[in-house]
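[1] how does the following fold in three dimensions:
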Amino acid sequence: GEIVMERKQALTREHRALLEAMIAELEVIGRFREELHYAQHGTTSVYEHSVKVAYASVRLAEQLRLCVNYRA
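    Here you go, the predicted model:
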């Protein structure tokens, strides 16, 4: 969603699509969306924090050309 728009440009199309699919899946099968109501850092929700960490992790793995399980 709108939370990760600024990070999307930094990822390959493949990894961006995978992350978006994983986020959507977590919203459907779990209570991930509920994390919008809980604060992680000041005004940042647990949901926002989790999404930003996922994008940063993938971006770092891409930049370092690491062989990782991106789905995990």
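
[2] burial count for the closest residue to Tyr38 other than its chain neighbours?
    Nearest-residue entry for Tyr38: Val46, 4.6 Å, with adjacent residues in sequence omitted and distances by CB to CB, 6 or more residues apart in numbering. All C-beta atoms are positioned from the backbone trio N, CA, C, and that covers glycine. Neighbouring residues of Val46 were enumerated by other CB atoms under 10 Å; the total is 16.

[3] how far away is the spatially most central residue of the chain from Arg65?
    What sits nearest the mean C-alpha location of the chain, by CA atoms, centre = their mean, is Val51, with 3.1 Å. Val51 sits 23 Å away from Arg65 when distances are taken as CB to CB, to the nearest Å.

[4] ok, Tyr47 - contacts?
    Counting by CB atoms under 8 Å, 6 or more residues apart in numbering, Tyr47 makes contact with 3, 32-33, 35-36, 38.

[5] that should have said Gln40, apologies.
    When the contact criterion is CB under 8 Å, 6+ apart, the partners of Gln40 are 46, 48-50.

[6] sec struct for it, please.
    Under the three-state scheme (DSSP: H, G, I helix; E, B strand; the rest coil), Gln40 adopts strand.
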